[in-house]
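K.L.:
3D model of this:
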Amino acid sequence: MSPHASVNTGTGAGSGAEPGTGAGTGAGSDTGAGSTATAAPRTSTASITPVVVRLKLSLLRNGLRQSAGRRAAYVTSVVLVLLFAALQLIGLIALRGNAHATAVAVLLVAILALGWAVMPLFFPSGDETLDPTRLVMLPLRPRPLVRALLVASLVGIGPLFTLCLLVGSVISVAHGTAAYVTAVVAVIVALLVSVALARAVAAANIRLLSSRKGRDLAVLSGLVIAIGAQLVNFGAQRLGAAGGLSQLDPVADVLRWVPPASAIGAVDSVSEGSYAVGVVQLALSVAALVGLLALWSRHLTRLMTSPDGSTLQAAEPAARERGSSGLGRLLPSGRTGTVMERSLRYVWRDPKTKAAWVTSLAIGLIVPVFNALQGTGSIYFACFAAGMLGIQMYNQFGQDTSAFWMVAMTISSTRDAYVELRGRALALLVITLPYATLVTVLTTAMLGDWPRLPEVLGLSFALLGAMLATGAWTSARFPYSIPQEGYKNVAPGQAGLAWIAVFGGMVSAALLAAPVIALTIWLNVSRDGDEWTWLLLPLGAGYGALITVAGLRLAAPRTARRLPEILAAVSKG
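P.N.:
Coordinates of the predicted model:
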């Protein structure tokens, strides 16, 4: 398809028919190719913008018709977003006249633009019109398509929220007629820059986002949200300390020259009488908009005129003849190594398993580190990492789903079940042991409490061993299915099993680790106990290893006896 083909609106666009029907009729019939001279100018000058906007509205309307739950979720999200936007608008207006109003407004707009930039990467399915490759069968020029998609992008909750924030920002900094006139232009430009930024990022990465590895980027959304929440919490505490909002001024002085925040900076500059500076700042945002539109247009041209090579690599002989990975050569031989490699591949390739691991790794690091940064942490918070990672031992067979039958066919005795569980536990330890050690050392370094490092490491290892033991037993006793589609991590009707397995196992693990916990408390409260706290490291590590082996041996007979029940439970998703 040529990027300079004319827009066909005679059937696909102008009639308002379904996209698939319009594309097939317009592109495949002889009418478009042999149109008369009088019809050609009308087709080339017709605008597709209203059609694309109606298509966006149709996608939204049809999506809400799928189920009552989806409609309820959408209405709830709209109400919450509008409420938050209204409160934010009122708060920004209340800052009017404050000496730090400009710093707050500029920083908020910069953060909002960052959100628009990363949204397509972590939520590629949030807007179905983000994928322009669905329009490749339509004879569209890149420039009209960019204009139409840009206008369609202004329809939705996100643009409305952005508009409210921008309006509140300019009201908080604008003073005088010239500033209000500049504010109108600044709001329009900043909104268009934010939307164009999201579209350009999506178009540049659409091949990646539509692949399996690209969809796995959505797994990191939980990490981004968790880190973002902690950063907001940390920033709020810092702002509440001495200095308050004045700490934002150095950052705002830089961001007011970075589009689209420079548009808000232009309003502030004009309010202060610096018209030349305001023009330059506004020109920076306009230049950013033009550049983003050009970049977006170039990516659209490449996407809609080049072949899809996503399957070419798989067809190469080198890809087909590739043998075992280097990881497999580092693992033990026999069934243990095979089970470990399979489990580690699940962590790397399965979206649900990867999501659980990323969340656990992130929270296990965020809780102790951010508490240490805030000065309110304790070195014992480092045990949180071992606890979060130990949860991954629960419901080991659920990640296999219906494919567990292949594993069940290889288990004919208690010994086979024990080796299977041991391999899965060792695969978990390959990641958990060094990570828990790293988090503990990092937390200790930040707090400067090095004498307590051995006892915290020993306590972490004991807790991890207890969770491996209880996780192996609950995997055999309370297995449940993990649906591969959607965002649910438990199949319908199995939520009770999941609660029993996870929370019951965590309580049992805490009870199993009670001897080491009690010894730690006793050594810390006794008069000469500090001299012997280093013994907790070897004692905790040994106790964790002992309790892990005991838990695996207790779980192996139950696993071997309940293979049909386990298969039925994990196959429901």
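
K.L.:
only C-alpha atoms for contact and neighbour calcs from this point on.
P.N.:
Fine.

K.L.:
so where's this structure uncertain?
P.N.:
1-46, 69, 121-133, 136, 206-245, 306-328, 484-489, 492-493, 573 (pLDDT under 70).

K.L.:
repeat that for 50
P.N.:
Across the chain, residues meeting the criterion (pLDDT under 50) sit at 1-45, 309-324.

K.L.:
mind giving me the domain split of it?
P.N.:
What automatic domain parsing lists as the domains of the chain is 45-305, 338-570.

K.L.:
Format the ones you listed as CSV; extra columns: mean neighbour count and distance to Leu330.
P.N.:
Below are those laid out as CSV (neighbours: other C-alpha atoms under 10 Å; distance: least, C-alpha to C-alpha, whole Å):
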stretch, mean neighbour count, distance to Leu330
domain 45-305, 19, 25
domain 338-570, 20, 10
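
K.L.:
isn't Tyr480 right up against Ile500?
P.N.:
No. With contacts counted by C-alpha atoms under 8 Å, Tyr480 stays clear of Ile500, the gap being 10.7 Å.

K.L.:
Which other helices and strands does the strand or helix carrying Ile521 contact?
P.N.:
Assigning secondary structure by DSSP states H and E places Ile521 in helix 514-525. The helices and strands touching helix 514-525, judged by 3 or more C-alpha pairs under 8 Å, 6 or more residues apart in numbering; DSSP states H and E, are helix 453-477, helix 536-561.

K.L.:
tilt between the longest helix along the chain and helix 453-477?
P.N.:
Criterion DSSP state H: the longest helix present in the chain is helix 414-447. Counting by axes from the mean of the first three to the mean of the last three C-alpha atoms, to 10 degrees, helix 414-447 lies at 150 degrees to helix 453-477.

K.L.:
how distant is helix 414-447 from the center of its chain?
P.N.:
25 Å (C-alpha atoms, centre = their mean, to the nearest Å).

K.L.:
how close does Phe503 sit to Trp405?
P.N.:
Distance, Phe503 to Trp405, using C-alpha to C-alpha, to the nearest Å: 27 Å.

K.L.:
nope, Gly91 is what I meant
P.N.:
Using C-alpha to C-alpha, Gly91 is found at 58 Å from Trp405.

K.L.:
now do Ala113
P.N.:
48 Å.

K.L.:
Kindly report the same for Ala386.
P.N.:
Where Trp405 is concerned, Ala386 sits at a distance of 31 Å (C-alpha to C-alpha).

K.L.:
same thing with Ser47?
P.N.:
Using C-alpha to C-alpha, Ser47 is found at 57 Å from Trp405.

K.L.:
can you map out the helices along the stretch 301-450 of the chain?
P.N.:
In the stretch 301-450 of the chain, the helices defined using DSSP state H, counting those that start in this stretch lie at 312-315, 317-320, 326-330, 334-349, 351-373, 383-390, 404-408, 414-447.

K.L.:
Same list, these, but as TSV with distance to Ala560 please.
P.N.:
Below are the helices of the stretch 301-450 of the chain laid out as TSV (distance: least, C-alpha to C-alpha, whole Å):
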stretch	distance to Ala560
helix 312-315	38
helix 317-320	36
helix 326-330	26
helix 334-349	16
helix 351-373	24
helix 383-390	23
helix 404-408	9
helix 414-447	6
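
K.L.:
Val106: which of the ones you listed is closest?
P.N.:
helix 351-373 (25.7 Å; C-alpha to C-alpha).

K.L.:
centre of the chain versus the closest one, how much separation?
P.N.:
With C-alpha atoms, centre = their mean as the basis, helix 351-373 stands 13 Å off its chain's centre.

K.L.:
Could you check the angle that helix makes with helix 383-390?
P.N.:
Put simply, helix 351-373 runs at 180 degrees to helix 383-390, going by the same axes, to 10 degrees.

K.L.:
Alpha carbons of helix 351-373, as PDB, please.
P.N.:
C-alpha atoms of helix 351-373 as PDB (Å, rounded to 0.1, in the frame of the first residue of the first chain):
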ATOM      1  CA  PRO A 351       2.700 -13.500  32.100                       C
ATOM      2  CA  LYS A 352       0.900 -14.400  35.300                       C
ATOM      3  CA  THR A 353       3.900 -15.900  36.900                       C
ATOM      4  CA  LYS A 354       6.100 -13.000  35.900                       C
ATOM      5  CA  ALA A 355       3.600 -10.600  37.300                       C
ATOM      6  CA  ALA A 356       3.600 -12.300  40.700                       C
ATOM      7  CA  TRP A 357       7.400 -12.300  40.800                       C
ATOM      8  CA  VAL A 358       7.800  -8.700  39.700                       C
ATOM      9  CA  THR A 359       5.300  -7.600  42.300                       C
ATOM     10  CA  SER A 360       7.000  -9.600  45.100                       C
ATOM     11  CA  LEU A 361      10.400  -8.400  44.100                       C
ATOM     12  CA  ALA A 362       9.300  -4.800  44.000                       C
ATOM     13  CA  ILE A 363       7.400  -4.700  47.300                       C
ATOM     14  CA  GLY A 364      10.100  -6.800  49.000                       C
ATOM     15  CA  LEU A 365      12.600  -4.000  48.200                       C
ATOM     16  CA  ILE A 366      10.300  -1.000  48.400                       C
ATOM     17  CA  VAL A 367       9.000  -1.500  51.900                       C
ATOM     18  CA  PRO A 368      12.400  -1.700  53.800                       C
ATOM     19  CA  VAL A 369      14.300   0.700  51.500                       C
ATOM     20  CA  PHE A 370      11.700   3.500  51.500                       C
ATOM     21  CA  ASN A 371      11.100   3.200  55.200                       C
ATOM     22  CA  ALA A 372      14.900   3.500  55.700                       C
ATOM     23  CA  LEU A 373      15.000   6.600  53.500                       C
END
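
K.L.:
which helices and strands does it pack with?
P.N.:
In terms of contacts (3+ C-alpha pairs under 8 Å, 6+ apart), helix 351-373 is packed against helix 220-240, helix 334-349, helix 383-390, helix 414-447.

K.L.:
neighbouring contacts of the shortest one?
P.N.:
For helix 383-390, the surrounding residues in contact (C-alpha atoms under 8 Å, 6 or more residues apart in numbering) are 357, 360-361, 363-365, 367-368, 432, 435-436, 439-440, 456-457, 459-461, 463-464, 467-468, 471.
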